[in-house]
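**Student:** Provide a 3D model corresponding to the input given below.
(one chain, ligands or ions: 1)
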Amino acid sequence: MVGPYNHYMKMSPFADFRVADIGDVHLRTTCNLEEALQDIEAFYRKIASAGVVPITAGGDHSITYPILRGIARQERVGLVHFDSHCDTAHSYGGSGLHHGCPYRNAVESGLVNPERTIQVGIRGGTEPLWQYSCESGMRVVHIEEFYEVGCREVARERRSMMGTGPVYTPFDIDCIDPAFAPGTGTPVVGGMTTFEALQTLRGLRGLDIIGADIVEVSPPFDHSGITALAGATLMFELLCLAAESPARSPS
Ligand SMILES: [Mn+2]
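**Tutor:** Model prediction:
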C-alpha cells in the first residue's frame, strides 16, 4: 500500500537506491533494559560503519538513544523531533533509560546538540517533566504555535537551524492526532493530521539526514491498521528524504 513512487518528490527510492529491510535487532534479553540498549547500539554501529542510512520502525521511544549512540559521528547531530512529548524527562521508576528521556540522555552524553534540536507538535499534561528541553536550549514548538505559523514556516525555521550539519529525524507516531493514529501507548488529542505531518517532513528536503525512525506504533492498540498505515507512509517519506540527502547519491 505504500510506495513505490513519491508523487511529491518525483522519485522511486526502491528503484534508484539500494534499499533493504535488514530485519530486527536481536536482543540477548528483554528483561535487562541496559543490555537490550547495548545490543541496539552495536547493531546500528555496524550499519553506520557500512555507510548505510538506517530508517527504523520501533519499538518504543527508548530505542532512539542507543540508535544515536550507534550512528554517532564526531560532530554532534541536530534533531528534528516530531512528538506530542518532549521526552527529556528524568529517570522514572528506577530507570534513566525509559521511553520518556532519550533526548536528555543524548544531549548529556554529547551525541546531540540541543541548539540544533527542534521538537514539533508538543502538547499535553506532562509538560512539567520537560523543563530540560528549554534549559538546554532546544526549540520547542507547541501544537498551537504549529497551527499559528503553519507547516511552511516551521519547516523554514528547521532548515535554517539545521544548516549543513548531520540531522537525525525521530518521529513518534503520537505526534499525530489519535483520530488518525490511535494505535499508540500514550495518545494525546489535539495533534496534527497525517497530511500536515507529511507536508512538514517535505520541508526538510536537502538536509543531511543520517537516520530516522518511527516509534511507538503499537499494533495491539490499533484499529483496522490505520496507525500502521500512517507509520509506514511516514516511513516512506523519511526514506525519500534520506535518499535525497546531499551525502547520498543513486547507486
Ligand atoms: Mn516520544
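
**Student:** Flag every buried residue along the helix-or-strand element of the chain with minimal mean pLDDT.
**Tutor:** Lowest by mean pLDDT, DSSP states H and E among the helices and strands of the chain is helix 143-162, with a mean of 91. Within helix 143-162, the residues scored as buried using 16 or more other Cβ atoms under 10 Å are 143, 146, 151, 154, 155, 157, 158, 159, 161, 162. Using the backbone N, CA and C atoms, a C-beta is placed for each residue, glycine as well.

**Student:** What's the local residue count around the spatially closest residue to residue 171 that is not a sequence neighbour?
**Tutor:** Excluding its sequence neighbours, the residue lying closest to residue 171 (Cβ to Cβ, 6 or more residues apart in numbering) is residue 82, at 4.5 Å. Number of residues near residue 82 (other Cβ atoms under 10 Å) recorded here: 25.

**Student:** State the phi and psi torsions of residue 82.
**Tutor:** phi -100, psi 130 (degrees, to the nearest 10).

**Student:** What parts of the stretch 51-200 of the chain come near the ion?
**Tutor:** 61, 83, 85, 87, 172 (Cβ under 5 Å from the ion).

**Student:** Any chance of CSV for the residues you listed, columns neighbour count?
**Tutor:** CSV is the format used below for these (neighbours: other Cβ atoms under 10 Å):
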residue, neighbour count
61, 26
83, 24
85, 25
87, 30
172, 26
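
**Student:** Residue 137: which of these is nearest?
**Tutor:** Nearest to residue 137 among these, counting by Cβ to Cβ, is residue 87 at 16.0 Å.

**Student:** Kindly reformat the buried residues of helix 143-162 as a markdown table containing distance to residue 69.
**Tutor:** A markdown table is the format used below for the buried residues of helix 143-162 (distance: Cβ to Cβ, whole Å):
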| residue | distance to residue 69 |
| --- | --- |
| 143 | 30 |
| 146 | 30 |
| 151 | 31 |
| 154 | 28 |
| 155 | 28 |
| 157 | 28 |
| 158 | 24 |
| 159 | 26 |
| 161 | 23 |
| 162 | 21 |
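
**Student:** Out of those residues, flag the one nearest to the ion.
**Tutor:** Checking the buried residues of helix 143-162 against the ion by Cβ to the ion gives residue 143 as the nearest, at 14.3 Å.

**Student:** Please name the residues that touch that closest one.
**Tutor:** 84, 121, 122, 123, 190, 191, 192 (Cβ atoms under 8 Å, 6 or more residues apart in numbering).

**Student:** what about the second one, which SS state?
**Tutor:** This points to residue 121. State at residue 121, reduced to three classes by DSSP: H, G, I helix; E, B strand; the rest coil: strand.

**Student:** Leaving out sequence neighbours, find the closest residue to residue 186.
**Tutor:** Using Cβ to Cβ, 6+ apart, the nearest residue to residue 186 is residue 174, at 5.7 Å.

**Student:** can you check residue 13 too?
**Tutor:** In this structure, residue 13 finds its nearest non-sequential neighbour in residue 243, 4.6 Å apart by Cβ to Cβ, 6+ apart.

**Student:** How about residue 73?
**Tutor:** residue 166 (5.9 Å).

**Student:** what does residue 200 give?
**Tutor:** residue 151 (4.6 Å).

**Student:** And the one you found, how far from residue 139?
**Tutor:** 16 Å (Cβ to Cβ, to the nearest Å).

**Student:** all helices in the stretch 51-200 of the chain, in order from the N-terminus.
**Tutor:** Assigned by DSSP state H, counting those that start in this stretch, the helices in the stretch 51-200 of the chain fall at 64-71, 102-108, 131-136, 143-162, 194-202.

**Student:** Show the average pLDDT along the third one.
**Tutor:** In this model, helix 131-136 has a mean pLDDT of 96.

**Student:** Which residue lies nearest the spatial centre of the protein?
**Tutor:** For the chain, the residue nearest the mean C-alpha position is residue 170 (0.8 Å; Cα atoms, centre = their mean).

**Student:** returning to that earlier point: how far does the least confident helix or strand of the chain sit from its chain's centre?
**Tutor:** In terms of Cα atoms, centre = their mean, to the nearest Å, the centre of helix 143-162 is set 17 Å apart from its chain centre.

**Student:** Before I go, just wanted to say thanks for your time.
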